[in-house]
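> here you go, sequence then predicted model.
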Amino acid sequence: VGFFNNYDGNPRNSIIRLNSNGNIDNSFSGGFISAPELYALAIQPNGKILVGGNFTNYSVFQRNRIIRLNSDGSIDNDFSIGSGFHNGVVRSIALQPDGKVLVGGSFNMYNGTPRNGIARLHRRDAQNVVQSTFSMSPLSGNKYRFFASTSANLKTKFFSTNPDIADIENDTILVIKQYPVGEADIKAYHPGDEDTLPSDTIVVATVYGHGLVNSFSDNGFTQTTIYPNPTEVKFCVKTNSAIESLQLYNLQGVHQKIKVVRQKEYEWEIEIGELSQGIYFLELVTAKGKVIRKITKW
């Protein structure tokens with residue numbers, strides 16, 4: 001980088017990449033329309049290129065004094081600087097081991113926040129990004145595949161809190177094991193990278209010992225209220241989606257006989273007075289999908 005508009009007779013504005021023999025690497029294409037003064041360059045471990053100087057645009061994109069490029073020279077829109085640096089120029093860029101970026105220069109403001117001559121840019125927070133959309137689909141046998149779609153294409157990892165009940169295979173395959181008692185939460189998280197801080201974990205599904213899977217992650221959540229719970233004789237189920245069917249199972253996965261006392265589109269009343277005391281699982285199918293809820297019988 002520097003302040004030039006030509007290399008060996010070829011138009012190039014202030015940034016260029018050369019092969020080891022000094023020839024132009026044509027797989028890299030800079031996007032500066034004019035030739036701005038560029039003072040700083042840093043290459044991150046993932047190959048992304050940070051460039052700083054005295055400019056306000058890259059191609060048709062507004063970028064004030066700092067920009068990050070992909071390895072081919074295209075703009076990396078995942079690097080968000082807001083309004084960027086003002087009232088000066090960026091003259092130096094340094095990378096910290098934790099992925100943060102130190103920027104120095106003659107500026108006095110970064111993205112609306114006063115910063116005189118030096119600023120440290122944090123990696124973005126993935127707490128909300130990682131929770132964007134999850135879904136899962138059944139495979140053959142006792143396996144399911146998890147899918148995660150995040151607004152920034154973040155890598156998502158899954159793990160099980162109880163591998164004796166269910167485990168994760170190849171990062172995305174849920175394997176349900178035959179184990180009579182207990183449950184396992186399946187959790188998702190973003191492990192962090194050069195740009196993004198690690199996220200907290202969130203529960204996306206629960207697997208019960210007899211093989212029932214309750215996914216909290218399907219598109220369009222089914223919001224369910226069950227009361228009273230625990231109960232002795234009856235309980236009500238209310239949802240935000242039309243109820244299509246209800247099934248009740250004991251801890252061994254055996255189907256239980258229930259009596260529907262009252263039935264409306266979004267609310268059913270169920271009687272279980274003849275069942276023994278203990279823990280049961282209610283399988284609820286609505287227009288938005290299937291959910292599993294635990295019922296305690298006194």
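In hand now; what should we look at?
> which of the helices and strands in this protein ranks last by mean pLDDT?
strand 124-125 (a mean of 58; mean pLDDT, DSSP states H and E).
> from what I can see S245 touches A287, true?
No: under the criterion of Cβ atoms under 8 Å, S245 is not in contact with A287, lying 11.3 Å apart. From N, CA and C alone the C-beta is placed, and that goes for glycine too.
> out of those two, which sits in the busier spot?
A287 (13 against 10; other Cβ atoms under 10 Å).
> quick one, what contacts the more buried one?
S241, A242, E244 (Cβ atoms under 8 Å, 6 or more residues apart in numbering).
> who wins for neighbours among those residues?
S241 (19 neighbours).
> count of residues packed around the residue nearest to it when sequence neighbours are not counted?
With sequence-adjacent residues excluded and distances taken as Cβ to Cβ, 6 or more residues apart in numbering, S241 is closest to T286, at 3.9 Å. Neighbour count of T286, defined by other Cβ under 10 Å: 21.
> can you check I295 too?
21.
> measure it to V285 for me?
For I295, the distance to V285 (Cβ to Cβ, to the nearest Å) stands at 16 Å.
> shaky segments in the stretch 101-250 of the chain?
123-138, 147-154, 178-181, 192-200, 209-212, 215-223 (pLDDT under 70).
> contact partners for the residue nearest to S241?
T222, T239, S241, A242, I243, E244.
> how much space separates it from C236?
15 Å.
> cool, and F3?
F3 is 74 Å from C236, where distance means Cβ to Cβ.
> quick one, which of the two is more surrounded?
When neighbours are counted by other Cβ under 10 Å, F3 and C236 differ, and C236 comes out ahead with 16 against 13.
> now the element after the helix or strand where that one lies, going C-ward?
Secondary structure from DSSP states H and E places C236 in strand 234-239. The helix or strand immediately downstream of strand 234-239 is strand 243-250, counting by DSSP H and E.
> got a list of contacts for that next one?
Contacts for strand 243-250 (Cβ under 8 Å, 6+ apart): 210, 212, 237, 255-256, 258, 260, 265-268, 270, 272, 278-287, 295.
> for ChimeraX, write the select line for the buried members of the residues you listed.
Here is the ChimeraX selection string for the buried members of the contacts of strand 243-250, based on 16 or more other Cβ atoms under 10 Å:
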select :210,212,237,256,258,268,270,272,280,281,282,283,284,285,286,295
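> next step: the contacts of strand 243-250 restricted to strands.
237, 255-256, 260, 267-268, 270, 278-286, 295 (DSSP state E).
> chain neighbours aside, what residue packs nearest to G47?
Excluding the flanking residues, the one nearest G47 by Cβ to Cβ, 6+ apart is S71, at 4.7 Å.
> and that neighbour, how far is that from A94?
From S71 to A94 the distance is 20 Å (Cβ to Cβ).
> what does A242 give?
Using Cβ to Cβ, one gets 58 Å for the distance from A242 to A94.
> do the same with F281
Counting by Cβ to Cβ - F281 and A94 are separated by 56 Å.
> could you do W268 as well?
W268 is 63 Å from A94, by Cβ to Cβ.
> ok, now A40?
From A40 to A94 the distance is 9 Å (Cβ to Cβ).
> K264 now?
The value you get for K264 to A94, if Cβ to Cβ is used, is 64 Å.
> one more: K100?
10 Å.
> same check, this time on N170
For N170, the distance to A94 - Cβ to Cβ - is 38 Å.
> so A40 and A94 - more neighbours on which side?
A40 (20 against 13).
> which ones are touching that one?
Counted by Cβ under 8 Å, 6+ apart, A40 has contacts V1, L50, V51, G52, G53, V90, R91, S92, I93, V103.
> so which of those residues is the most crowded?
In the contacts of A40, the most neighbours by other Cβ under 10 Å go to V90, 27 neighbours.
> identify the bridge partners of the closest residue to that residue other than its chain neighbours.
Excluding its sequence neighbours, the residue lying closest to V90 (Cβ to Cβ, 6+ apart) is G52, at 3.2 Å. Beta bridges link G52 to A40, I66, judged by DSSP bridges.
> now do G52, the pLDDT please.
Confidence at G52, expressed as pLDDT, is 96.
> that one against R63, yeah?
No: counting by Cβ under 8 Å, G52 does not reach R63; the two are 10.3 Å apart.
> contacting residues around I67?
L50, V51, G52, F55, Y58, I75, F79, I81.
> and I15, how many neighbours does it have?
I15 - counted by other Cβ under 10 Å - has 24 other residues nearby.
> how much space between it and V1?
Taken as Cβ to Cβ, the span from I15 to V1 is 5 Å.
> over to H255?
In terms of Cβ to Cβ, H255 sits 70 Å off from V1.
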